[in-house]
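Undergrad: Predicted model follows, preceded by the sequence.
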Amino acid sequence: MLPSQNRYRFQPITRRPDYAWPGDKRLAVYISLGIEEYVFGEGMTEDLFPGAPKPDDVNTSWRDYGNRVGGFRLIERISSLGLPLTILLNTEVYDHAPDLMDVARARGCEIVGHGLTNSDTLVGRDPANEAAYLKAVADRIAEKEGYRPGGWSSPWLAHTEATVDLLKEAGYRYLMDLRFDDQPVWLATRSGPLLSIPYALELNDSSTIIGRQASAADFERMIVDEFDEMLEASRDQPLVMSIVVHSFISGQPFRLRALTRALQHLAAHTDEVWFTQPREIAAFIERDPALAV
């Protein structure tokens with residue numbers, strides 16, 4: 001046998017427990033919005049113009065647009081369609097864009113830990129440093145929101161060998177970084193299971209629009225096609241679909257218009273789809289852990 005990861009076992013989707021989501025629905029859909037803050041001139045960045053000279057005011061301004069303009073429009077647009085929203089949050093946003101977080105809170109968004117800043121990475125941290133980092137993010141969210149985050153999504157989707165263990169020990173209940181399945185799956189940790197909730201690696205405006213130069217229309221079509229295909233497949237088993245957007249990418253007006261068309265298509269199916277948040281998916285599985293393999 002080849003070397004392999006040891007966090008989850010192989011279990012084909014054809015051999016799973018059968019169940020329905022609340023309302024006797026078979027497809028659960030959640031939408032995540034990345035709201036991020038970057039350290040000017042340091043660390044990792046998401047760039048529209050790679051290789052820009054320093055000081056990089058151009059890429060900084062593009063990212064800053066998200067928390068000054070795009071994030072507000074995305075939250076209000078998605079809320080106007082009656083769709084719940086989840087925020088993947090760099091907690092430095094509380095200091096740098098507090099008005100945006102006020103709007104997110106007023107719209108009932110779930111807050112998921114996404115690091116202190118998006119200039120950070122977990123890579124290279126020793127276990128004690130990483131544990132302290134995970135705790136600092138949870139503590140800040142608890143301070144501002146009145147609850148500790150159940151979910152974690154790593155900046156740059158980066159892990160150390162200890163990340164999954166440390167998340168469980170820090171009190172996180174589910175990870176939103178992986179797409180190896182269309183259903184929630186338990187991950188093995190040294191302190192007990194941690195739930196993996198399917199996370200969109202391709203229905204993600206960062207990896208697809210910026211990383212692979214897809215157009216706004218391409219991304220719109222991808223969302224609609226994924227939804228239609230998964231809605232059809234959900235006749236056979238309960239499934240989870242996710243969409244990941246970012247304030248400075250999909251918040252750009254021309255992309256927001258295309259994203260709106262896609263989400264209007266989804267919202268027309270509220271009678272047969274559970275539009276929800278990761279915390280509700282996790283709570284459903286936690287009530288009957290045997291539903292997840």
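TA: Noted; the coordinates are in hand.

Undergrad: Residue 6 against residue 189, yeah?
TA: No. Residue 6 sits out of contact with residue 189 when judged by CB atoms under 8 Å, with a separation of 10.6 Å. In this view, the C-beta of every residue, glycine as well, is placed from N, C-alpha and C.

Undergrad: So between these two, which is more surrounded?
TA: Using other CB atoms under 10 Å, the more surrounded residue of residue 6 and residue 189 is residue 189, with 18 against 8.

Undergrad: give me every residue that touches that one.
TA: 7, 164-165, 167-169 (CB atoms under 8 Å, 6 or more residues apart in numbering).

Undergrad: Same question for residue 210.
TA: 46, 48, 249.

Undergrad: swap the cut-off to 7 Å and go again
TA: Applying CB atoms under 7 Å, 6 or more residues apart in numbering to residue 210 gives the contacts 46, 249.

Undergrad: Outside of stretch 54-66 itself, which residues are in contact with it?
TA: The list of residues contacting stretch 54-66 from outside it, by CB under 7 Å, 6+ apart, reads 38, 40-41, 45-49, 52, 246-248, 251.

Undergrad: buried set for the helix or strand harbouring residue 61?
TA: With elements taken from DSSP states H and E, the one containing residue 61 is helix 57-65. Neighbour counts over helix 57-65 (16 or more other CB atoms under 10 Å) mark 59-60, 62-65 as buried.

Undergrad: would you turn the residues you listed into TSV with distance to residue 117 and pLDDT?
TA: Putting the buried residues of helix 57-65 into TSV (distance: CB to CB, whole Å; pLDDT from 0 to 100) gives the following:
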residue	distance to residue 117	pLDDT
59	15	96
60	13	97
62	16	97
63	11	97
64	13	98
65	17	98
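
Undergrad: which among those gets closest to residue 129?
TA: Top of the list for closeness to residue 129, among the buried residues of helix 57-65 and by CB to CB, is residue 63 at 25.9 Å.

Undergrad: how much space between the spatially closest residue to residue 25 that is not a sequence neighbour and residue 136?
TA: With CB to CB, 6 or more residues apart in numbering as the criterion, residue 25 has its nearest non-adjacent residue at 4.3 Å, and that residue is residue 274. Spatial separation of residue 274 from residue 136 under the definition CB to CB, to the nearest Å is 33 Å.

Undergrad: ditto for residue 170
TA: To residue 136, residue 170 is 10 Å away according to CB to CB.
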